[in-house]
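[1] just the structure for this:
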Amino acid sequence: MRYTELTKAPCNQMLEVMTVSSDAGWEKRFESMGIRKGRHIRKIASQPFGGPVVIEVNGSKISLGRNIAAKIEVEVLASPSA
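    Residues are numbered from 1 along each chain as shown. Modelled structure (predicted):
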């Protein structure tokens, strides 16, 4: 099954991290930020014109460059409450 890149995932929804890139040591960097397979995160914002993607992990907000966020694949878990 193919998952969605974090950069293309919808904002303000719960996401589950399905895969993270293992090239060039990124897996350890993501691990240090709390981003790992199976972790639930929320994409807060995606800034326009190639700007960063902002996510929430364990109550902390993290801003990731688009090229870095593209290394994370997620699955949408739930829509926001109305």
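[2] residues in contact with the nearest residue to residue 65 once chain neighbours are set aside?
    Nearest residue to residue 65 in three dimensions, chain neighbours excluded: residue 52, at 5.6 Å (C-beta to C-beta, 6 or more residues apart in numbering). To be clear about C-beta, it is placed using only N, CA and C from the backbone, and glycine gets the same treatment. The neighbours of residue 52, taking C-beta atoms under 8 Å, 6 or more residues apart in numbering as the test, are 63, 64, 65, 66, 69.
[3] now the residues you listed: which count as buried?
    Burial by neighbour count, judged by 16 or more other C-beta atoms under 10 Å, picks out 64, 69 from the contacts of residue 52.
[4] what's the closest of the contacts of residue 52 to residue 9?
    The closest of these to residue 9 turns out to be residue 69 (C-beta to C-beta; 9.2 Å).
[5] look at residue 27 and give its secondary structure.
    At residue 27, secondary structure determined by DSSP: H, G, I helix; E, B strand; the rest coil is helix.
[6] what's the spacing between it and residue 74?
    Between residue 27 and residue 74 the distance is 16 Å, computed by C-beta to C-beta, to the nearest Å.
[7] which one of these two has more residues nearby?
    residue 74 (26 against 17; other C-beta atoms under 10 Å).
[8] which residue, other than its chain neighbours, is closest to that one?
    residue 15 is the one closest to residue 74 (C-beta to C-beta, 6+ apart), at 4.0 Å.
[9] which helix or which strand is home to that neighbour?
    Using DSSP states H and E, the element containing residue 15 is strand 14-20.
[10] for that strand, give me every contacting residue.
    Against strand 14-20 from outside (C-beta under 8 Å, 6+ apart): 3, 6, 9, 26-27, 30, 35-43, 71-78.
[11] let's go with 6 Å and repeat that
    For strand 14-20, the surrounding residues in contact (C-beta atoms under 6 Å, 6 or more residues apart in numbering) are 3, 9, 27, 30, 37, 39-42, 72-78.
[12] what's the most distant pair in those?
    27 and 78 (26.3 Å).
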